[in-house]
Structure formats: structure tokens, C-alpha cells
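Student: predicted coordinates and the sequence they were generated for:
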Amino acid sequence: MTRSIDYGNLMHRAMRGLIQEVLADVAANGLPGAHHFFVTFDTMHPDVEIADWLSDRYPGEMTVVIQHWFDNLEATDDGFTITLNFGDNPETLYIPYDAIKTFVDPSVEFGLRFETQDTAEEPTTEAPMDEMVEPENEPETDRKPADVVSLDKFRK
């Protein structure tokens, strides 16, 4: 078998590194301007740490908003910890980068989508598709859809 470059996994690692860098900066300096994030993640990922009542309420995926009130944000090499307020009930969450499905900053029309592949496919050379991400509970706005990079086309 011939050795090949796994562009899909390389891009996923680079995109997760981007998220880590952004969150580390926000942890150190706060959110600049109108920036805010919608982070959708797999609540069933084995390394996700959330309260039982949250995983019961969101058994597949959950979208959190990092905007007005958050505390104890810490970005590590593998994931991030953050305390968010759920109806006057602060909860600490640990979200590994591998559990993230989408990361969107609608203030600048930026978004990333991580797609998993359940079946093996032949590699393709098609370019990634631009897709619109609709985070759960995002207020209606007059903004244009975010450009999202989908890397599924590059995976083996």
C-alpha cells in the first residue's frame, strides 16, 4: 500500500488548534467587540463532562453560547472547561475539541463544521463545500450565512 497524506485529519487538527487559540485568547483577555460563539458538541462523547441533567436533556448534541456570561474558561491542549449559566444554575462543562461538531462566530460570519464518517469511502479530490450553519436557538438576524469549511470530501 502506498503512503499518502491524510489532509482531512491534518485540517481537523489545524481547525481544532484554531479553536484552542481563540478560546485561550478569550480566557486571557475576554471577548472582543461583538464576538460570540455557538459551539455544538456531541454530548455522548466519552470525554465530555457535563451535569447528568444536561446529558439527559440533550442526549445527542447540545449547542452552548459563549457571549454575555461565562466564567472559568480554560483552554487546554485537548479541550476546554467553562462555567455557563443555565436558568440561574451555573454548571461547569468540559468539552474536548474532538467532541465539537460546529464552532460559529456569527459576528464575523465565521464557522467550522466537523463531520464524522461512519463508512469508509474512496478518497475524492473535490473541494470542500460552503454550507450554512444554523446553530440551535440562534436569533433571527439580517446577516449573511457563515462560510463553513466541510472536510468530509478529503477523508479516506
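Tutor: Ah, there it is.
Student: settle this for me: Leu84 is touching Ile95, isn't it.
Tutor: No - applying C-beta atoms under 8 Å as the test, Leu84 and Ile95 come out as separate, 10.6 Å apart. C-beta here means a position set from N, CA and C on the backbone, and glycine is covered the same way.
Student: looking only at neighbour counts, state which of these two leads.
Tutor: When Leu84 and Ile95 are compared for neighbours, Ile95 comes out ahead with 25 against 20, by other C-beta atoms under 10 Å.
Student: beta partners of Gly111?
Tutor: In this entry, Gly111 is beta-bridged to Val104, Val148, by DSSP bridges.
Student: swap in Glu49?
Tutor: Under the criterion DSSP bridges, Glu49 forms beta bridges with Tyr94.
Student: what residues are up against it?
Tutor: Listed by C-beta atoms under 8 Å, 6 or more residues apart in numbering, the contact partners of Glu49 are Thr92, Leu93, Tyr94.
Student: do you have the strands of the protein handy? List them.
Tutor: Secondary structure of the chain (DSSP state E): strands located at 37-42, 61-66, 70-75, 79-85, 90-96, 100-105, 110-113, 130-131, 147-150.
Student: reformat those as TSV; add mean pLDDT and distance to Arg13.
Tutor: Output for the strands of the chain, formatted as TSV (pLDDT from 0 to 100; distance: least, C-beta to C-beta, whole Å):
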stretch	mean pLDDT	distance to Arg13
strand 37-42	95	17
strand 61-66	94	22
strand 70-75	95	15
strand 79-85	95	14
strand 90-96	95	13
strand 100-105	95	13
strand 110-113	93	12
strand 130-131	34	21
strand 147-150	52	14
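Student: want to throw those strands into JSON lines with distance to Ile19?
Tutor: Written out in JSON lines, the entries for these read as follows (distance: least, C-beta to C-beta, whole Å):
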{"stretch": "strand 37-42", "distance to Ile19": "8"}
{"stretch": "strand 61-66", "distance to Ile19": "11"}
{"stretch": "strand 70-75", "distance to Ile19": "8"}
{"stretch": "strand 79-85", "distance to Ile19": "8"}
{"stretch": "strand 90-96", "distance to Ile19": "10"}
{"stretch": "strand 100-105", "distance to Ile19": "5"}
{"stretch": "strand 110-113", "distance to Ile19": "7"}
{"stretch": "strand 130-131", "distance to Ile19": "18"}
{"stretch": "strand 147-150", "distance to Ile19": "13"}
